[in-house]
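S.K.: here you go, sequence then predicted model.
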Amino acid sequence: MQKDEIIQFHTFLLQIKSHLNELVDNNDGQEFQSYDKLNVTPYQIYKSKREQKLAVFTLSMGIANLLSHNNFSDLDKISNRLGQMSERFMTEKEKELIRS
């Protein structure tokens, strides 16, 4: 994917996150803490392609986690796989930031 396509997909996922926050009960925001800590939004076009990919995988993982905890338990495997994929794109500094 090209960087602009990743940014468009990131924007789409952010819209999904916004709608899910309105629709899903008992959403305490923990599913998106890792994404929030990255501090990468689709509007920050100066961020690198790697950072945008990491944000997409992390946000996707949060969405899958949120759905898996709300009667969509089959998404646990998808969430775990997205977590593994996002870790591949993380630098050591980003890994420390998310763990803290």
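M.R.: The structure has been received and is ready for your questions.

S.K.: just the buried residues of the helix or strand of the chain with the lowest mean pLDDT, please?
M.R.: When the helices and strands of the chain are scored by mean pLDDT, DSSP states H and E, helix 76-89 comes last with a mean of 79. Counting neighbours by 16 or more other CB atoms under 10 Å, one finds that the buried residues in helix 76-89 are I78, S79, L82, G83, M85, S86, F89. (C-beta placed from N, C-alpha, C; glycine too.)

S.K.: quick check: the two most widely separated of these?
M.R.: I78 and F89 (17.2 Å; CB to CB).

S.K.: roughly how far out does the least confident helix or strand of the chain sit from the chain middle?
M.R.: 10 Å (CA atoms, centre = their mean, to the nearest Å).

S.K.: which strand or helix spans the most centrally placed residue in the chain?
M.R.: Residue closest to the mean C-alpha point of the chain, counted by CA atoms, centre = their mean, is L59 at 1.1 Å. According to DSSP states H and E, L59 maps onto helix 49-68.

S.K.: C-alpha coordinates for that helix, CSV please?
M.R.: Provided in CSV are the C-alpha atoms of helix 49-68 (Å, rounded to 0.1, in the frame of the first residue of the first chain):
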residue,chain,number,x,y,z
LYS,A,49,4.6,5.3,6.6
ARG,A,50,5.9,2.9,9.3
GLU,A,51,4.2,5.0,12.0
GLN,A,52,0.9,5.1,10.1
LYS,A,53,1.0,1.3,9.6
LEU,A,54,1.7,0.8,13.3
ALA,A,55,-1.3,3.0,14.1
VAL,A,56,-3.5,1.1,11.7
PHE,A,57,-2.6,-2.3,13.2
THR,A,58,-2.9,-1.0,16.8
LEU,A,59,-6.2,0.7,16.1
SER,A,60,-7.5,-2.5,14.3
MET,A,61,-6.4,-4.5,17.3
GLY,A,62,-8.4,-2.2,19.6
ILE,A,63,-11.5,-2.4,17.5
ALA,A,64,-11.2,-6.3,17.5
ASN,A,65,-10.7,-6.3,21.2
LEU,A,66,-13.7,-4.1,21.8
LEU,A,67,-15.9,-6.3,19.7
SER,A,68,-14.6,-9.5,21.2
